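K.L.:
Here you go, sequence then predicted model.
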Amino acid sequence: MEKQFLIDDFKIGESWRLFKIIGEFVDGVECLHDIGPAVSIFGSARTKPDEPVYKKTEEIAALFAKNKFAVITGGGGGVMEAANKGAAEAGGTSVGLNIILPFEQEPNKYSNINLDFNYFFIRKVMFVKYAFAYIIMPGGFGTLDELFESVTLVQTQRIKPFPIILVDSDYWSGLKEWITSRLLKENRISHKDVDILQVMDDPEEIVNTVKKMVII
């Protein structure tokens, strides 16, 4: 097994590892360049199939697929599995960008396009490069990481603005309120930064919001 702490492991004389990094970028671009309009869906890998969040993720992904959007996930279980399943069973393009870890993540069986990554940062580029929107289901640290990275990229104009939608107002409204009551109130961000995030519950509203940004 390769060493786990890949970024920490760079040493003089190991610059050959840069070719592996370039290779992962090339594989990603070559595989995904023609998938068409897509959304990236994030959420907890710990979500079980009998949970309402799993079922709702399936519904949202299927609705996107029926509206000719590819669905991109991290390729693992939980919400990722639900999104890949919903898209695949609706006859759509279901993309799983799996991260190779020594523990925790196993790729799900519902993606019809699969890529494996050793490096999180390359995988993150693929999530954002091909997405017309980020759909954020309830999740943990990994989900928050993807959420705030995307907000920062939009805020700093490193990518074109796109919808970043937090699904489940009961789960996310406290976060949005904290952003407004603390970050905005204390002048850490601006009013337009708050507007980057949208909180929604209805699958039809979510898909229609994204469709307004895209001509298919």
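P.N.:
Thanks, I have it. Numbers count the residues shown, from 1 in each chain.
K.L.:
just the helices in this structure please.
P.N.:
17-32, 52-66, 79-89, 120-129, 141-155, 169-178, 191-194, 203-211 (DSSP state H).
K.L.:
Turn the ones you listed into a markdown table, columns for mean neighbour count, distance to Thr73 and mean pLDDT.
P.N.:
C-beta here means a position set from N, CA and C on the backbone, and glycine is covered the same way. Output for the helices of the chain, formatted as a markdown table (neighbours: other CB atoms under 10 Å; distance: least, CB to CB, whole Å; pLDDT from 0 to 100):
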| stretch | mean neighbour count | distance to Thr73 | mean pLDDT |
| --- | --- | --- | --- |
| helix 17-32 | 14 | 13 | 93 |
| helix 52-66 | 21 | 8 | 98 |
| helix 79-89 | 28 | 4 | 98 |
| helix 120-129 | 18 | 9 | 96 |
| helix 141-155 | 16 | 11 | 96 |
| helix 169-178 | 13 | 18 | 96 |
| helix 191-194 | 12 | 27 | 95 |
| helix 203-211 | 17 | 16 | 97 |
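K.L.:
Can you lay out those as a markdown table showing distance to Leu97?
P.N.:
A markdown table is the format used below for the helices of the chain (distance: least, CB to CB, whole Å):
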| stretch | distance to Leu97 |
| --- | --- |
| helix 17-32 | 8 |
| helix 52-66 | 15 |
| helix 79-89 | 9 |
| helix 120-129 | 5 |
| helix 141-155 | 11 |
| helix 169-178 | 23 |
| helix 191-194 | 27 |
| helix 203-211 | 19 |
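K.L.:
Nearest approach to Asn108 belongs to which of these?
P.N.:
helix 79-89 (3.9 Å; CB to CB).
K.L.:
Now do that closest one and helix 141-155, the angle between them.
P.N.:
Interaxial angle of helix 79-89 relative to helix 141-155 (axes from the mean of the first three to the mean of the last three CA atoms, to 10 degrees): 70 degrees.
K.L.:
How far does helix 79-89 sit from its chain's centre?
P.N.:
Distance of helix 79-89 from the chain centroid (CA atoms, centre = their mean, to the nearest Å) equals 13 Å.
K.L.:
Over to stretch 82-92?
P.N.:
15 Å.
K.L.:
hmm, who's touching it?
P.N.:
Stretch 82-92 is touched from outside by 41, 43, 47, 49, 53-55, 57-66, 68-71, 73, 75, 93-96, 108, 110-112, with contacts defined as CB atoms under 8 Å, 6 or more residues apart in numbering.
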